[in-house]
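Undergrad: prediction below, plus the sequence it came from.
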Protein chains: 2
Amino acid sequence: MKIAILGGTGSIGEGFALRWATKHDILLCSRSADRAAISAEEYTGMVLSKGLACCGITGCTNEAGIRDADVIVLSVPYEGVVPLLERLGPYFKDQIVISLVVPMKKNKFFEYTPPEQGSAALEIRDILPKSVKVVSAYHNISAKKLANLDLVLDYDVVICGDDGDAKKIVMELTEEIKNLRPLDGGDLGCSYMIESLTPFLINLAIRNRLSDLGVKFT
Amino acid sequence: MKIAILGGTGSIGEGFALRWATKHDILLCSRSADRAAISAEEYTGMVLSKGLACCGITGCTNEAGIRDADVIVLSVPYEGVVPLLERLGPYFKDQIVISLVVPMKKNKFFEYTPPEQGSAALEIRDILPKSVKVVSAYHNISAKKLANLDLVLDYDVVICGDDGDAKKIVMELTEEIKNLRPLDGGDLGCSYMIESLTPFLINLAIRNRLSDLGVKFT
């Protein structure tokens, strides 16, 4: 499967590239193809140094990545996602788009600030062509832990989406990351609940002197 | 410490009575003192049968329980809580009130339906005398698991409240239940987040064929 990672050169994008490169072709996307190529080489080295197989991590522009991918991971900050997707709209066809986007603002603590649609996932769905299948997932996975290939991630991933087949593919991708358990969180309208967990978890971490919190439902 | 449990004869109230009776005086409250006395005797037997100490579980009316207690556990359904507390208002002084109350409605799935104050905890605070210290906690603990004294509950309890001392006491009460970890969830204004987790957890359980889900942040 070809997986494009928008925001692939930073933060959580790195972790997905490293984790999925053993089974999938990763298109690491950035505004700058050069910057993407540098990160792609670096990530490839990290995977190979662990003695793991690497199907290939290729750096490319956002446009090329979106055009060629089956699955597009949207690991970019909420600020700027609307103009970015409006600009890149013509390159989308019927791919699966996984939104990790969380609209939030920081005062002393973090606050969930959904757009009028109710969640970032619904807003993103409204921007993209109707043939694109938006799935909401991975908001509450620590970027640091995901990028550490020595760590087993004993967490739950709640997945929301309107397209059953797309949701199933994202569930399978989740199971490929050791010990992550995918859970069906309902349709895309339920995404506000998993998005709003992110500022909640960050606040919990700050208040209780913890860090990189994930969540497990048992 | 004297702990009154409103809604003590049903559901989650039973679990708290059983768990805390080993160290505290439990006032099991009901509209009917007779019914409360029957449950109190039953629960006392359950604690003693496990070879545990039992400080005393006494059945009483809501009025008597509230008047005599240091801590009042509000384990009653949202429907009816407003008229109940308005009626019982004169019996409150400066106790700690722990709200487990979650306003939600069920269609196919459950939906969080907070009052205009933003959460049940804030609405309850507005009804009770200002000297009462409302703390919001235990919304996401399974009644069935809590009442099973053989079970170690490996869960997190997020606690919200405006009064630091009251929150500390509820944190200590939480730690007395083996493996429950209290986490500071912020002031009472943050309670909507932990209240809304309850319908979310119930929906997750329904959709994924799980049951009695609790939550752990790691």
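TA: Now that the structure is in, tell me what you want to look at.
Undergrad: helix/strand/coil for the residue lying closest to A:Arg35 once chain neighbours are set aside?
TA: Spatial nearest neighbour of A:Arg35, excluding adjacent residues (Cβ to Cβ, 6 or more residues apart in numbering or on different chains): A:Thr9 at 5.8 Å. From N, CA and C alone the C-beta is placed, and that goes for glycine too. On the three-state scheme (DSSP: H, G, I helix; E, B strand; the rest coil), A:Thr9 is labelled coil.
Undergrad: so A:Thr9 sits against A:Ala36, correct?
TA: Yes. Counting by Cβ atoms under 8 Å, A:Ala36 is a contact partner of A:Thr9 at 6.0 Å.
Undergrad: can you pull up the bridge partners for A:Met104?
TA: A:Tyr112 (DSSP bridges).
Undergrad: who touches it in this structure?
TA: A:Tyr78, A:Phe110, A:Glu111, A:Tyr112, A:Thr113, A:Thr198, A:Pro199 (Cβ atoms under 8 Å, 6 or more residues apart in numbering or on different chains).
Undergrad: gap between the fifth one and A:Glu195?
TA: What that stands for is A:Thr113. 10 Å (Cβ to Cβ, to the nearest Å).
Undergrad: tell me the contacts of the nearest residue to A:Leu128 once chain neighbours are set aside?
TA: Once flanking residues are discounted, A:Leu128 sits nearest to A:Phe92: 5.4 Å by Cβ to Cβ, 6+ apart. Taking Cβ under 8 Å, 6+ apart, we find A:Phe92 in contact with A:Ile66, A:Ile72, A:Leu128, A:Pro129, A:Ser131, A:Val132.
Undergrad: now the second one, what are its backbone angles?
TA: Right, A:Ile72. Backbone torsions for A:Ile72, taken as degrees, to the nearest 10, come to phi -120, psi 120.
Undergrad: from chain B, how far off is it?
TA: 25 Å (Cβ to the nearest Cβ, to the nearest Å).
Undergrad: again with the fourth one
TA: Noted for A:Pro129: a distance of 28 Å to chain B, by Cβ to the nearest Cβ.
Undergrad: and what of the last one?
TA: Applying Cβ to the nearest Cβ, the value for A:Val132 to chain B is 24 Å.
Undergrad: phi, psi of the spatially closest residue to that residue that is not a sequence neighbour?
TA: Using Cβ to Cβ, 6+ apart and skipping the chain neighbours, the partner closest in space to A:Val132 is A:Phe92 (5.1 Å). A:Phe92 has phi and psi values of phi -80, psi 140 when expressed as degrees, to the nearest 10.
Undergrad: which pLDDT does the model give A:Phe92?
TA: With respect to pLDDT, A:Phe92 scores 97.
Undergrad: who in chain A is up against chain B?
TA: A:109, A:154-155, A:158, A:183-186, A:190, A:193, A:196, A:200-201, A:203-204, A:207-208, A:210, A:213-218 (Cβ under 8 Å from any Cβ of the partner chain).
Undergrad: just these: which are in helices?
TA: Using DSSP state H, the subset of the residues of chain A next to chain B located in helices is A:Met193, A:Ser196, A:Phe200, A:Leu201, A:Asn203, A:Leu204, A:Arg207.
Undergrad: kindly indicate which of the contacts of A:Met104 lies nearest B:Ala120.
TA: Closest approach to B:Ala120 among those (Cβ to Cβ): A:Tyr112, at 19.0 Å.
Undergrad: and the closest one, how far from A:Ile127?
TA: Applying Cβ to Cβ to A:Tyr112 and A:Ile127 gives a distance of 20 Å.
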